[in-house]
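Asker: based on what follows, work out the 3D shape:
(3 chains)
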Amino acid sequence: MSGALVALLTDFGAADGYVGVMKGVILGIAPDSRLVDITAEIPAHDIVAGAWVLGTSWRYFPAETIFLAVVDPGVGSARRAVALRVSGHWFVGPDNGLATPLLDDAPSIDAVRLQPERYAAGPVSATFHGRDLFAPAAAHLAKGARLADLGEPLDATSLIRLALVKPVWRATTLVAHVAHIDHFGNLITDLAGSLAERVMATPESAAQLAGHLVRDRAQSYAEAPAGVMALILDSSGHLALCLKAASAAAVFHVSRGDEVHILGLPADADAGA
Amino acid sequence: MSGALVALLTDFGAADGYVGVMKGVILGIAPDSRLVDITAEIPAHDIVAGAWVLGTSWRYFPAETIFLAVVDPGVGSARRAVALRVSGHWFVGPDNGLATPLLDDAPSIDAVRLQPERYAAGPVSATFHGRDLFAPAAAHLAKGARLADLGEPLDATSLIRLALVKPVWRATTLVAHVAHIDHFGNLITDLAGSLAERVMATPESAAQLAGHLVRDRAQSYAEAPAGVMALILDSSGHLALCLKAASAAAVFHVSRGDEVHILGLPADADAGA
Amino acid sequence: MSGALVALLTDFGAADGYVGVMKGVILGIAPDSRLVDITAEIPAHDIVAGAWVLGTSWRYFPAETIFLAVVDPGVGSARRAVALRVSGHWFVGPDNGLATPLLDDAPSIDAVRLQPERYAAGPVSATFHGRDLFAPAAAHLAKGARLADLGEPLDATSLIRLALVKPVWRATTLVAHVAHIDHFGNLITDLAGSLAERVMATPESAAQLAGHLVRDRAQSYAEAPAGVMALILDSSGHLALCLKAASAAAVFHVSRGDEVHILGLPADADAGA
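Answerer: Coordinates of the predicted model:
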């Protein structure tokens, strides 16, 4: 019988040992836990980036995974610390929007506001809730605690959700945005699902970005033409722009949030994912 | 029953697979070990930084953790390779000061000088003791070996300890130092314990650093004022200086070792932690 | 009884959670797997660097390790996806030369071309075979699947092997190359085995690189002279050039592939490892 799976996502970086400390705390409470790093390299304080990575990752973890997610610029402030039961998984972290991808479309959500006096053995610092408050909560869930053991129930509709900009029509132009830039410099937009597929399937449509009109389409990175950006359906189902064997972000000086204008798409296509 | 916990701290970086190789060696000898990374990102050859991270991490690991710590500019020289039983834990690594935080205040220390001919199956290179000498020693401890199985006893008082500069009074000024700069650019000083708390609790006192006089105090990073440095008690109990949602180190060009002058503190306060 | 060991090597970086996703997929299929990172920091698309790190790592892992290696610029193209039984281990990844070090000198190789319809539960994207095709294959091997369960047999002689440049004699000069630059900036050449040892043991011989003539030899990094490059036998058995407590690569502006001329070596020495 395998121990519970705890998946960690933080902006702590690797150098200070902060994630290692959280793992030490977890294994002190729940020795059989299996620990998996999603990443410790979310840009500092960047809740939006953290939510993106959580949103593209969580579906690939087995049921009952405990997501311990700490991107927490508000640590020590009045922002709430929560544990959630949602979509067959658990979430432990700050209530600051980081959990948004788990909340969207969830049929039901159980939530508690963490009360460390119920479960944490040591004092809780004002500056490292990952160690003192969140890791112990995740560890107790790993050992079989119920949400009610960790804090008081919370109205799930009060949980903070990120209000991200979404694709919108501006006359005959569909305005999407660069939602994430990955390690390879691929530009992943906020256009997903059937609408992203529609762009891929409509050769007359094109994307305008950074002064370039992108008409080429590629089924895979290897198929992309050399030297020019191409449209591609990214592995998370989002429309993306890539540059073969190079970083589109670096070469074309693109930043997250930049607009991507989709031209020439039939106007009956609904915006949004 | 969970396997022994081995926590790894090195300056090897991630790119070359050197830490992965150590893990392969450990799991070949002790397949049930549980391996946790503290960090592989200690700056190259920086024993002081390695000791800092070990010092702020080790208390959070469960009893009987085996700390496998390799920041080892003297690999292949006459510096000793050691295994220690200290403070309810184990330490395996070079005898170069890296273990200092485990040795300080330890009621008793058992130490051996590693003799790989006793336990290592393969040849020992002159350049990668992490792989050939330290990882096998840690693995044998994980499997239940006693110190005496790994080498010959050593007088623990002969172990190298870092002689770090400490806070000192200069007339009415308490001179502390930047002891560590973390991933977020927070400046963590060598002023800890009751004296650090005294600074936080004495509004008339101020810190002088990089031409700035820092008077603001924050209980948490979120409470810090915008745009100016504030004093904060860091999660390791040290006085620190932070800049809200930014890197104090980068903005104010501060380096490790820089002096932090504490002005206006009643002179009866003892220096030191 | 410990679960199967899966060792991961990719160029995915840490920031996007891509490696975490692969681990989630593996643990969903084979919950008892033990997962070890070799590295996620192979330079993007750099198959040669990936093969180097795999080549210096794999011997240190216990028998039956499953190497899940994905440096895959050709993802989605006609390049084959394979699983191999070789040298007492398993390899799962693209057939693009990455497995070369496992293939060299292997007495026998069993190979299949992966057919995900045989074993993968979900759809296979054109852009993330690590998640959709390779991780499930590795997980099924971890659970005891045979190669034949994963795909159709393949002629092992058809597997792609990197055709790396090798040391060659040019008149009385032996021309080697910088094959890898490690985290410490050490310059590791493609000269290995008895020939590398011969250079170390022949004081009259010298290495010429970047306008410098290197005559000093060191048994270990600590023994190297200060301020000048020295020859050293690296932990992988290759001749290397190092600069004490500094990065030889950065100080002398050396890149991978640069020639290293060995002068003064008796001409009867055979080139090659």
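
Asker: CA only for contacts and neighbour counts going forward, please
Answerer: OK.

Asker: longest single strand anywhere in chain A?
Answerer: In chain A, taking DSSP state E as the definition, the longest strand is strand A:173-181.

Asker: centre of the chain to it, how far?
Answerer: Distance, stretch centre to chain centre, for strand A:173-181: 16 Å (C-alpha atoms, centre = their mean, to the nearest Å).

Asker: alpha carbons of stretch A:182-202, as CSV, please.
Answerer: Taking Å, rounded to 0.1, in the frame of the first residue of the first chain, the C-alpha atoms of stretch A:182-202 are listed here in CSV:
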residue,chain,number,x,y,z
ASP,A,182,7.3,28.2,-21.1
HIS,A,183,10.9,27.0,-20.6
PHE,A,184,11.4,26.7,-24.4
GLY,A,185,10.1,30.2,-25.0
ASN,A,186,6.9,29.0,-26.5
LEU,A,187,4.1,31.6,-26.3
ILE,A,188,1.0,29.9,-24.9
THR,A,189,-2.2,32.0,-25.3
ASP,A,190,-5.4,32.0,-23.3
LEU,A,191,-7.4,30.7,-26.3
ALA,A,192,-8.3,27.0,-25.6
GLY,A,193,-10.7,24.3,-26.6
SER,A,194,-12.8,24.4,-29.7
LEU,A,195,-11.9,27.9,-30.5
ALA,A,196,-8.2,27.2,-30.5
GLU,A,197,-8.9,24.2,-32.7
ARG,A,198,-10.9,26.4,-35.0
VAL,A,199,-8.0,28.8,-35.5
MET,A,200,-5.8,25.8,-36.3
ALA,A,201,-8.3,24.5,-38.8
THR,A,202,-9.0,27.8,-40.6
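
Asker: is it up against chain C anywhere?
Answerer: Yes. Using C-alpha under 8 Å from any C-alpha of the partner chain, stretch A:182-202 comes into contact with chain C via A:182-184.

Asker: those residues: which ones sit near chain B?
Answerer: Okay, of the residues of stretch A:182-202 next to chain C, nothing touches chain B (C-alpha under 8 Å from any C-alpha).

Asker: save those residues as CSV, and put in distance to C:Val178, pLDDT and neighbour count too.
Answerer: As requested, those are exported to CSV (distance: C-alpha to C-alpha, whole Å; pLDDT from 0 to 100; neighbours: other C-alpha atoms under 10 Å in any protein chain shown):
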residue, distance to C:Val178, pLDDT, neighbour count
A:Asp182, 30, 95, 18
A:His183, 26, 95, 18
A:Phe184, 26, 94, 22
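
Asker: export those residues to JSON lines and append columns for distance to A:Thr172.
Answerer: Output for the residues of stretch A:182-202 next to chain C, formatted as JSON lines (distance: C-alpha to C-alpha, whole Å):
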{"residue": "A:Asp182", "distance to A:Thr172": "29"}
{"residue": "A:His183", "distance to A:Thr172": "33"}
{"residue": "A:Phe184", "distance to A:Thr172": "32"}
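
Asker: tell me the spacing between the residue lying closest to A:Ser108 once chain neighbours are set aside and A:Ala63.
Answerer: Nearest residue to A:Ser108, sequence neighbours excluded (C-alpha to C-alpha, 6 or more residues apart in numbering or on different chains): A:Val86, at 6.5 Å. Distance from A:Val86 to A:Ala63, counting by C-alpha to C-alpha, to the nearest Å: 11 Å.

Asker: higher neighbour count, these two?
Answerer: Taking neighbours as other C-alpha atoms under 10 Å in any protein chain shown, A:Val86 and A:Ala63 compare with A:Val86 leading, 19 against 14.

Asker: pLDDT at that one, what is it?
Answerer: Listed pLDDT for A:Val86 reads 97.

Asker: give me the beta-bridge partners of it?
Answerer: For A:Val86, the beta-bridge partners are A:His89, A:Ile109 (DSSP bridges).

Asker: ok, which residues in chain A are in contact with chain C?
Answerer: Counting by C-alpha under 8 Å from any C-alpha, chain A sits next to chain C at A:2, A:36-42, A:53, A:57-58, A:60-63, A:182-184, A:219-223, A:233-235, A:245.

Asker: just the buried ones from those?
Answerer: The neighbour-count test (16 or more other C-alpha atoms under 10 Å in any protein chain shown) marks A:36-42, A:53, A:57-58, A:60-62, A:182-184, A:219-223, A:233-235, A:245 as buried among the residues of chain A next to chain C.

Asker: state the distance from the nearest residue to A:Thr56 once chain neighbours are set aside to C:Ala126.
Answerer: Nearest residue to A:Thr56, sequence neighbours excluded (C-alpha to C-alpha, 6+ apart): A:Ser236, at 6.1 Å. When distance is defined by C-alpha to C-alpha, A:Ser236 is 11 Å away from C:Ala126.

Asker: which of those two has more neighbours?
Answerer: Using other C-alpha under 10 Å as the criterion, A:Ser236 and C:Ala126 rank with C:Ala126 on top: 19 against 16.

Asker: residue contacts, that one?
Answerer: A:219-220, A:235, C:75-76 (C-alpha atoms under 8 Å, 6 or more residues apart in numbering or on different chains).

Asker: reformat those residues as JSON lines; add distance to A:Gln208, pLDDT and secondary structure.
Answerer: Listed next are the contacts of C:Ala126 as JSON lines, based on distance: C-alpha to C-alpha, whole Å; pLDDT from 0 to 100; DSSP: H, G, I helix; E, B strand; the rest coil:
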{"residue": "A:Gln219", "distance to A:Gln208": "19", "pLDDT": "93", "secondary structure": "coil"}
{"residue": "A:Ser220", "distance to A:Gln208": "20", "pLDDT": "92", "secondary structure": "coil"}
{"residue": "A:Ser235", "distance to A:Gln208": "22", "pLDDT": "94", "secondary structure": "coil"}
{"residue": "C:Val75", "distance to A:Gln208": "26", "pLDDT": "91", "secondary structure": "coil"}
{"residue": "C:Gly76", "distance to A:Gln208": "25", "pLDDT": "86", "secondary structure": "coil"}
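
Asker: now, among those residues, which is nearest to B:Gly130?
Answerer: C:Val75 (35.3 Å; C-alpha to C-alpha).

Asker: which strand or helix spans A:Pro136?
Answerer: helix A:135-142 (DSSP states H and E).

Asker: from C:Val25, how far out is the residue of the stretch 51-200 of chain A found nearest chain C?
Answerer: Nearest to chain C, among the residues of the stretch 51-200 of chain A, is A:Phe61, at 4.2 Å (C-alpha to the nearest C-alpha). For A:Phe61, the distance to C:Val25 (C-alpha to C-alpha) stands at 6 Å.

Asker: for A:Ile29, same thing?
Answerer: Separation of A:Ile29 from C:Val25 (C-alpha to C-alpha) stands at 26 Å.

Asker: just checking, which helix or strand succeeds the host helix or strand of A:Phe91 along the chain?
Answerer: Assigning secondary structure by DSSP H and E places A:Phe91 in strand A:89-94. Toward the C-terminal end, the helix or strand that comes next after strand A:89-94 (DSSP H and E) is helix A:100-103.

Asker: kind regards, and thank you for your time.
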